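Q: Need a 3D model of the sequence below.
(one chain, ligands or ions: 1)
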Amino acid sequence: MRRRIASHYALIGGKLERDIIVEVDGNGLITSIWHTTALDATASVEFHPGILIPGMVNAHCHLELSYLKGAIEEGLGYGGFARAIGAVRGGFTDDRRIRAAEVADALMWQEGVEVVADIANDELVMGVKAKSKIEYHTMFEFFGLNNRDTEAHFAMASRHTRSTVTPHSTYSVQDAPFLKICQRNGGLLSLHFLESENEAALFNHSGALAEWYARMGWECDFLHYGSPARRVAEALSEGATQDRRVLLVHNTMATAEDVQRVEGAVANASWVLCPESNRYISRLTPPVAMLRIVGARITIGSDSLASARTLSLLDNLKLIDDVPLNELLTYATLNGAIALGVEDRKGSLEVGKAPGLVVIEGADLHNLRLTPESTSHRIA
Ligand SMILES: [Zn+2]
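A: As a prediction, this is how the structure comes out:
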């Protein structure tokens, strides 16, 4: 059955337009988009107060960590967070972990998430993702300075649809496995990038990471690259395919020079911001103004419930100031779809796409701003 849907505003072509009616068929495919003045007045239209947007794209999540909701204190800093997660991680049954993932997945769907770039360390919640109405793209993350064998990760990825292997970061993977993963995976890569100042300091043999590694007797064979951005640029500039999409996640300590160096070497880079996770762990804020100035593609991720009160993308957008609402909503929709390579089907209200339909309620429609009360709900 076809439905005709309208709201006060709709996100069309990157702008917030009034008087739009979107028609979808029973499969959620958009069959027509009209300005209301062009439509027969007798046609039945569902009106949903608020702002109509396409389904959202969560460009960074760890669904498997949902069971850690509320288990780790806020404000520990990155080192403290990593220690705390290690301490609590073993104390939950598989059943509890799977149920927590199911609850988080169902809520994300209701709140209007359509596609997720999800990081995984094992296969425990792959069944939850396979059953979900959300389209998950899974990246099995490889890390550990003493770990050089990538085969188990590629074996996991081969057992599931839309799955690849990715290096965890520029500071936790030795040179050979990092290069091997980048060369063998021509599709989606996701790197935790410049989340704390210690990542860049490591390349100068200083800071907390360098001290920790020295204490453990671990050596890094990649410091000759000189910086995290140079390492990414060099590793990813060779053998890149047309399909290669690279997600750089967090970027709280990134400079314009870092971003430009990566952009210069990687054709399709996206900059994933997780403001709630940054607030939770380190009280840092992502460099939105700088990324806008250099023209980088900004996308939004929730990170995990270990380091966020909520996986709501809208709640993450509320933490970003001084960006016009239409642009902000584009970060969570079309930009995310481009980042994951699904923009032919998802991410915008266009005839021929089936992007999902979502209404934002409780926004300030006079000034076009989100308010603390704003919520998002899926309607199709
Ligand atoms: Zn993460």
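Q: From now on I want contacts and neighbour counts done on CA atoms only, so please keep to that.
A: Fine.
Q: what are the ranges of the helices in the stretch 151-300 of the chain?
A: For the stretch 151-300 of the chain, applying DSSP state H, counting those that start in this stretch gives helices covering 151-158, 175-184, 197-202, 207-216, 228-237, 256-265, 275-282, 288-294.
Q: can you list contacts of the first one?
A: If I follow you right, that is helix 151-158. Helix 151-158 has contacts (C-alpha atoms under 8 Å, 6 or more residues apart in numbering) with 122-123, 139-142, 163-165.
Q: Could you point out which of those is nearest to residue 14?
A: Distance ranking of those against residue 14, using C-alpha to C-alpha, places residue 139 first at 28.9 Å.
Q: close enough to count as contact, the closest one and residue 166?
A: Yes. Checked against C-alpha atoms under 8 Å, the pair residue 139 and residue 166 is within contact range at 5.8 Å.
Q: Need the residues touching each of these two.
A: The contact sets of residue 139 and residue 166 overlap at 188-190 (C-alpha under 8 Å, 6+ apart).
Q: from those residues, which would you call buried?
A: In the shared contacts of residue 139 and residue 166, burial by neighbour count holds for 188-190, counting by 16 or more other C-alpha atoms under 10 Å.
Q: quick one: which of those sit in strands?
A: Assigned to strands by DSSP state E, the following of these qualify: 188-190.
Q: Tabulate those (a markdown table), appending pLDDT and distance to residue 114.
A: Formatted as a markdown table, these follow (pLDDT from 0 to 100; distance: C-alpha to C-alpha, whole Å):
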| residue | pLDDT | distance to residue 114 |
| --- | --- | --- |
| 188 | 94 | 17 |
| 189 | 96 | 19 |
| 190 | 98 | 19 |
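Q: TSV for those, including distance to residue 46?
A: Listed next are those as TSV, based on distance: C-alpha to C-alpha, whole Å:
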residue	distance to residue 46
188	38
189	40
190	39
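Q: quick one: which of the residues you listed is nearest residue 103?
A: For these, the nearest to residue 103 is residue 190 (24.6 Å; C-alpha to C-alpha).
Q: which stretches of this protein have low pLDDT?
A: Low-confidence regions of the chain, defined by pLDDT under 70, span residues 37-42, 239-242.
Q: run the last query once more with 50
A: Residues of the chain that meet the criterion pLDDT under 50 are absent altogether.
Q: which SS class is residue 353?
A: coil (DSSP: H, G, I helix; E, B strand; the rest coil).
Q: and the gap between it and residue 312?
A: Separation of residue 353 from residue 312 (C-alpha to C-alpha, to the nearest Å): 23 Å.
Q: surely residue 128 meets residue 100?
A: No. Here residue 128 lies out of contact with residue 100, judged by C-alpha under 8 Å, at a distance of 10.1 Å.
Q: and the chain, what are its domains?
A: As assigned by automatic domain parsing, the chain contains the domains 1-54+347-380, 56-346.
Q: Leaving out sequence neighbours, find the closest residue to residue 263.
A: residue 269 (6.4 Å; C-alpha to C-alpha, 6 or more residues apart in numbering).
Q: Compute the number of surrounding residues for that neighbour.
A: 23 (other C-alpha atoms under 10 Å).
Q: just to revisit the earlier point, nearest to residue 77, of the helices of the stretch 151-300 of the chain?
A: With C-alpha to C-alpha as the measure, helix 275-282 is the member of the helices of the stretch 151-300 of the chain nearest residue 77 (4.4 Å).
Q: Run through who's touching that closest one.
A: Contacts of helix 275-282 (C-alpha under 8 Å, 6+ apart): 74-78, 81, 250, 252, 284-286, 302-304, 307-309, 315-317, 319-320.
Q: Tabulate the helices of the stretch 151-300 of the chain (TSV), appending mean neighbour count and distance to residue 135.
A: Formatted as TSV, these follow (neighbours: other C-alpha atoms under 10 Å; distance: least, C-alpha to C-alpha, whole Å):
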stretch	mean neighbour count	distance to residue 135
helix 151-158	15	16
helix 175-184	18	23
helix 197-202	20	32
helix 207-216	14	35
helix 228-237	20	26
helix 256-265	17	27
helix 275-282	23	23
helix 288-294	14	27
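Q: Quick one: the ones you listed as TSV, columns for distance to residue 379 too.
A: TSV is the format used below for the helices of the stretch 151-300 of the chain (distance: least, C-alpha to C-alpha, whole Å):
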stretch	distance to residue 379
helix 151-158	33
helix 175-184	39
helix 197-202	42
helix 207-216	46
helix 228-237	40
helix 256-265	37
helix 275-282	25
helix 288-294	30
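Q: out of the ones you listed, nearest to residue 105?
A: Per C-alpha to C-alpha, nearest to residue 105 of the helices of the stretch 151-300 of the chain: helix 275-282, 18.0 Å.
Q: Now do that closest one: distance to the chain's middle.
A: Mean-position distance between helix 275-282 and its chain equals 14 Å (C-alpha atoms, centre = their mean, to the nearest Å).
Q: What of stretch 10-17?
A: Worked out by C-alpha atoms, centre = their mean, stretch 10-17 lies 22 Å from the chain centre.
Q: Quick check: buried residues in it?
A: Buried, per 16+ other C-alpha under 10 Å, within stretch 10-17: 10-12, 14, 16-17.
Q: Can you point out the buried residues in the helix or strand where residue 101 lies?
A: Residue 101 belongs to helix 94-110 when assigned by DSSP states H and E. Buried residues in helix 94-110, counting neighbours by 16+ other C-alpha under 10 Å, are found at 97-98, 100-102, 104-105, 107-109.
Q: again with stretch 246-257
A: 246-254.
Q: Strands of the stretch 251-380 of the chain, start to end?
A: 269-273, 298-300, 357-361, 375-378 (DSSP state E, counting those that start in this stretch).
Q: Put together JSON lines for those strands, with distance to residue 158 on each row.
A: Shown next, in JSON lines, are the strands of the stretch 251-380 of the chain (distance: least, C-alpha to C-alpha, whole Å):
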{"stretch": "strand 269-273", "distance to residue 158": "24"}
{"stretch": "strand 298-300", "distance to residue 158": "27"}
{"stretch": "strand 357-361", "distance to residue 158": "32"}
{"stretch": "strand 375-378", "distance to residue 158": "32"}
